[in-house]
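J.: Please find the sequence and the predicted model below.
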Amino acid sequence: MKRVMIILFHSLGLSVLASSLVWMLMTFITIFTNSSVFFIEPNKLILLFEMFLTVYGILYLSYLYSKIPKLLKQTKNTEKPLTLWQKVQLKLTGCTFLRWEKRKGWTDYLPIYLVKCNKHGLFEDYPHGYKEYFVCPLCWQNQKR
């Protein structure tokens, strides 16, 4: 249901923005050909609906502008996105292999996994100990206190 609402939100928003561009183009053509423009809407219900769409378009445009910094931060991330198989693995098992990594002080490469913590979300870690368990850094920090 949430996905349907998001699709409807963006569909209506993009439709309002596209129709406003077409309306602007028609207005400029009318001004260019007649040297003036004058529109009258006698039906108050249609006028009210047009005003609602205008306010919705302004709010949607401000929503899109508010998301630009977040999108720019995401594009700076050089890591490749998860494959479909990794997403399925993460959903079913709670962890999925990402890459091999060698850090300072390590003697060899260790596998790095993306792990899901039920409390704090996703984090990257390597398997610890004989049983190869993962430790959420936020849970570990809270436990130390």
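T.: Structure's in. What do you need?

J.: tell me what the helix or strand containing residue 30 is packed against?
T.: For residue 30, the host element (DSSP states H and E) is helix 2-34. On a contact count with 3 or more Cβ pairs under 8 Å, 6 or more residues apart in numbering; DSSP states H and E, helix 2-34 meets helix 44-76. Where C-beta positions appear, they are placed from N, C-alpha and C, glycine not excepted.

J.: tell me the average confidence for the next helix or strand after the helix it packs on?
T.: Where DSSP H and E defines the elements, the next helix or strand beyond helix 44-76 is helix 84-93. Mean pLDDT, helix 84-93: 86.

J.: Against which helices or strands is helix 84-93 packed?
T.: Judged by 3+ Cβ pairs under 8 Å, 6+ apart, helix 84-93 is in contact with strand 95-101, strand 110-117.

J.: among those, which is the most enclosed?
T.: Among the helices and strands packed on helix 84-93, strand 110-117 has the highest mean neighbour count (mean count of other Cβ atoms under 10 Å), at a mean of 18.

J.: for the record, mean pLDDT for it?
T.: Strand 110-117 shows a mean pLDDT of 90.

J.: Starting from that strand, tell me which strands it pairs with and how they run.
T.: strand 95-101 (antiparallel), strand 121-125 (antiparallel) (DSSP bridges).

J.: which of the residues in the last one are buried?
T.: When burial is assessed from 16 or more other Cβ atoms under 10 Å, strand 121-125 yields the following buried residues: 123, 125.

J.: Break the chain into its domains for me.
T.: Domain assignment for the chain by automatic domain parsing gives 2-76, 84-144.

J.: deepest of the ones you listed, which one?
T.: Highest mean neighbour count of the domains of the chain: domain 84-144, a mean of 12 (counted as mean count of other Cβ under 10 Å).
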